[in-house]
Every structure is written in structure tokens, then in C-alpha cells.
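Engineer: coordinates for the following, if possible.
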Amino acid sequence: MVNPRKIRAAISIGDPNGIGIEIILKSLSKEEVLDKIIPIVFGSYNLIMNQAQALGQEVSMLHSISEINNAKENRINILNVFDNCDYKFGVLDKAVSDFGILSLELAVNAVKNKQADVLVTAPINKNAAYSQSFKFSGQTDYLSSFFNLEALMLMVSDSLKIALTTDHIPLKEVHSVLSKDLIKRKIEILNKALQEDFKILNPKIAVLAINPHAGDNGVIGNDDNSLTIPVINELNSNNYSIEGPFPSDTFFSNERYKKYDAVLAAYHDQGLIPFKTINFGKGVNFSAGLPIIRTSPDHGTAYDIAGKGLADPTSFIKAPEIASNIYFARNNLISK
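Structural biologist: This next block holds a predicted model:
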């Protein structure tokens with residue numbers, strides 16, 4: 001079946017004091033992006049116009065709309081969900097951050113209600129965003145709560161996919177959170193995403209060890225023997241293709257990761273350090289396991305360069321591309 005139309009991408013603006021709007025404008029001015037999507041930015045025409053002018057960005061493509069159905073192709077459609085806000089580049093301000101959360105919430109609802117096809121989110125600052133009404137350590141956690149489903153943080157690039165068993169929790173809590181059941185669920189979500197969203201029929205997954213040197217047979221901990229290996233054996237007996245646990249200090253040094261379709265890390269930095277070292281600015285965060293498709297860039301709000309016109313949009317350019325590819329894969333359509 002041939003794709004009958006471009007997909008509609010609901011885009012949240014992130015923290016207005018960060019680089020979110022800048023990378024949105026830079027990305028959506030690219031023909032390669034607009035060839036794939038009809039963008040609908042949930043924000044404020046006044047805010048985005050002001051930032052575009054402050055950053056010296058082209059404004060002729062901006063198109064103010066009051067309803068999603070008024071979105072046009074080859075334009076940067078801005079759905080006005082608030083009038084304006086007193087942004088200050090590079091400043092942590094919870095009141096300003098709230099506008100980014102409002103943008104996120106409305107964009108999520110639009111995709112849930114099928115008014116848009118995919119969700120692309122600009123970065124928020126977790127400290128600024130955390131409040132009585134938004135008690136989440138990140139947007140992935142918010143989406144898990146919203147849909148009452150377990151999402152998997154899956155970092156995606158052309159050369160590497162890394163998923164996280166645990167994500168935004170303190171390192172000291174990782175040991176108490178890890179369990180055979182959790183590791184099994186995360187591998188199951190990852191395997192299904194590789195099959196359905198990336199069309200890899202028989203995914204080959206590598207699992208990183210929890211302890212240094214995979215515990216050295218219990219000398220440096222027994223977690224891999226008691227947790228990881230039993231899960232790998234159980235799933236492999238059910239026609240999965242999983243190998244490990246591999247010591248993470250050597251796994252990436254000789255490009256062993258290229259032999260696998262994806263890698264599962266035990267905790268945040270174990271996965272994100274190699275991913276960003278290899279692919280920083282070229283990767284995308286995909287929330288696997290949800291009924292909607294959500295992608296975001298592989299970086300944060302970058303307060304230190306906000307308002308200076310220095311933000312690299314490469315990762316945000318990739319975000320709608322990967323969301324579009326997943327949409328077509330999930331719906332068995334042919335991409336343009």
C-alpha cells in the first residue's frame with residue numbers, strides 16, 4: 001500500500017528558555033524534513049516569531065493556526081495554545097517551563113486522539129519542569145504514566161540502538177530496582193519494537209553486564225549470574241536471540257556492537273555514555289512500547305548556548321525522520 005499523504009507531526013516546544021524553539025525552526029526550514037511531515041508546533045505564534053527574529057531565523061514559513069485541520073504543507077504551522085510568555089534565554093524558570101509542559105500535554109493528546117500521527121518533543125529541563133502537577137523525571141516517564149504502560153527508552157542512530165533497563169533514577173537505587181522480571185519485560189519490549197517498528201524479523205540483542213567484568217563468577221557481585229543469565233536463557237528457549245552479559249568496558253571498544261541489532265544497558269550512563277560518544281548529535285530518543293510514536297533529540301535544553309544561534313539541529317532533523325519511518329513500518333505502509 002502506498003502512502004496517501006504526508007504524516008502530521010505534533011511538536012512540543014520544550015523549555016522556551018532553552019534551545020528547543022531554535023532547533024525546531026532550523027529543522028523545519030529543511031526541505032528534507034518537510035518532504036516527510038506536516039509539522040504542527042504546539043505553542044505561541046508570538047513567542048516563536050519573537051525568538052525567530054531574535055535568533056535571525058527566517059520567518060516567512062511561519063503559519064499561525066487555531067485548529068489542527070488548518071495546517072498546511074511546507075509551512076511551519078504554529079497551533080496557538082497560549083498567547084506568549086516572558087522567556088529569558090538560558091535561565092531556569094519554572095513559570096516559563098510550564099508553557100513547555102502545556103505544549104507537551106496538548107501535543108500528546110492530539111496524537112492520542114489521532115489528530116496527528118506522531119509526536120516529536122523538544123527538550124525540557126527536568127528541574128524546571130518538576131512541579132506539583134508534573135512529578136516526572138522526564139518526558140518518557142510522563143508518557144508511561146499517561147498511557148499507564150511501561151515505556152522503554154531506546155536511543156536510535158544509523159549505527160547503534162541502545163535501550164535502558166533503568167533510566168532516570170539515582171545510581172544508588174539501580175541495584176534495588178533491577179530484577180529478573182524487569183530485565184525480561186524490557187527485553188520483550190525491545191524485541192517487539194525491533195520487529196514491529198524497525199522491521200527486523202529476528203532481532204539479535206546484546207545485554208550488558210550489571211557488574212564489572214560480569215561479576216567475575218561472583219568475585220565482583222553475583223547479579224549477572226542470578227538475574228541476567230537466567231532471563232537470557234529463558235527467553236532464548238522461547239526463540240529469542242540474545243547474547244551476554246557482556247562487560248561494558250570492552251563491548252564498544254572493538255565495534256562489537258555492530259554485530260547486534262540492539263543493546264540493552266542496565267542503567268542510564270552505561271548506555272548513554274557510549275551512545276553519545278559514538279553518535280552525539282546524530283541520534284534520537286524513541287519511546288518504545290507505547291501506542292503512539294514519540295521521538296526526541298538526544299540532548300537537553302543547552303541553557304549555556306540558548307539564544308546565541310549556535311544550536312545544532314542535526315538530532316532534531318533526525319527525530320521526525322525516524323518517527324515517520326516507524327509510523328510507516330507500524331502501519332505497513334511504504335515510505336516516500
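
Engineer: C-alpha from now on. contacts and neighbour counts both.
Structural biologist: Noted.

Engineer: look at the spatially most central residue of the chain and tell me its secondary structure.
Structural biologist: For the chain, the residue nearest the mean C-alpha position is residue 285 (2.5 Å; CA atoms, centre = their mean). Under DSSP: H, G, I helix; E, B strand; the rest coil, residue 285 falls in the strand class.

Engineer: partners of it in the sheet?
Structural biologist: Here residue 285 shows beta-bridge partners residue 155, residue 296, assigned using DSSP bridges.

Engineer: surely it touches residue 152?
Structural biologist: No: between residue 285 and residue 152 there is no contact under CA atoms under 8 Å: 9.9 Å.

Engineer: quick check on residue 219: phi, psi?
Structural biologist: Per-residue torsions, residue 219: phi -70, psi -40 (degrees, to the nearest 10).

Engineer: any idea how far residue 182 is from it?
Structural biologist: Plainly put, residue 219 is 24 Å away from residue 182 if you go by CA to CA, to the nearest Å.

Engineer: okay, those two: which has more neighbours?
Structural biologist: residue 182 (15 against 10; other CA atoms under 10 Å).

Engineer: surely the more buried one is in contact with residue 165?
Structural biologist: Yes: counting by CA under 8 Å, residue 182 touches residue 165, with 7.3 Å between them.

Engineer: need the helices for the stretch 1-150 of the chain, in chain order.
Structural biologist: Listed in chain order, the helices of the stretch 1-150 of the chain (DSSP state H, counting those that start in this stretch) span 20-28, 31-34, 45-54, 94-112, 126-129, 139-147.

Engineer: just checking, what packs against the fourth one?
Structural biologist: Contacts defined by 3 or more CA pairs under 8 Å, 6 or more residues apart in numbering; DSSP states H and E place helix 94-112 against strand 7-12, strand 37-43, strand 118-121, helix 126-129.

Engineer: could you check the angle the second one makes with strand 7-12?
Structural biologist: With axes from the mean of the first three to the mean of the last three CA atoms, to 10 degrees as the basis, strand 37-43 and strand 7-12 are set at 20 degrees to each other.

Engineer: give me the contact list for strand 37-43.
Structural biologist: Strand 37-43 is contacted from outside by 6-13, 28, 68, 71-82, 99-100, 103-104, 106-107, 320, 324, using CA atoms under 8 Å, 6 or more residues apart in numbering.

Engineer: so for that strand, mean pLDDT?
Structural biologist: Summarised as a single mean, pLDDT over strand 37-43 is 98.

Engineer: given that strand, what are its sheet partners and their directions?
Structural biologist: Paired neighbours of strand 37-43 in the sheet (DSSP bridges): strand 7-12 (parallel), strand 76-80 (parallel).

Engineer: pick the most deeply packed of the ones you listed.
Structural biologist: strand 7-12 (a mean of 27; mean count of other CA atoms under 10 Å).

Engineer: and it, how far out from the chain middle?
Structural biologist: Distance of strand 7-12 from the chain centroid (CA atoms, centre = their mean, to the nearest Å) equals 14 Å.

Engineer: what angle sits between it and helix 20-28?
Structural biologist: Using the same axes, to 10 degrees: strand 7-12 against helix 20-28 is 160 degrees.

Engineer: that older thread, check contacts around the residue nearest to the centre of the chain.
Structural biologist: Residues counted as contacts of residue 285 (CA under 8 Å, 6+ apart) are 153-156, 295-298, 319.

Engineer: quick check: the two most widely separated of those residues?
Structural biologist: Taking CA to CA, the two most distant members of the contacts of residue 285 are 153 and 319; they sit 14.1 Å apart.

Engineer: and the two? Which one has more around it.
Structural biologist: A count of neighbours by other CA under 10 Å puts residue 319 above the other of residue 153 and residue 319, at 27 against 24.

Engineer: test my guess that the more buried one contacts residue 120.
Structural biologist: Yes: assessed by CA under 8 Å, residue 319 is found in contact with residue 120 at 6.7 Å.

Engineer: how near is the residue nearest to the centre of the chain to residue 272?
Structural biologist: For residue 285, the distance to residue 272 - CA to CA - is 11 Å.

Engineer: residue ranges for the strands of the stretch 101-250 of the chain, please.
Structural biologist: For the stretch 101-250 of the chain, the strands defined by DSSP state E, counting those that start in this stretch cover 118-121, 152-156, 161-164, 204-208, 241-246.

Engineer: tell me which of these lies nearest to residue 32.
Structural biologist: Taking these one by one with CA to CA, strand 118-121 is closest: 16.1 Å.

Engineer: the closest one - contacts with which helices or strands?
Structural biologist: For strand 118-121, the packing partners by 3+ CA pairs under 8 Å, 6+ apart come out as strand 7-12, helix 94-112, strand 294-297, helix 314-330.

Engineer: at 6 Å what do you get?
Structural biologist: strand 7-12, strand 294-297 (3 or more CA pairs under 6 Å, 6 or more residues apart in numbering; DSSP states H and E).

Engineer: quick one: which of these is nearest residue 242?
Structural biologist: Per CA to CA, nearest to residue 242 of these: strand 294-297, 25.5 Å.

Engineer: lovely, talk soon.
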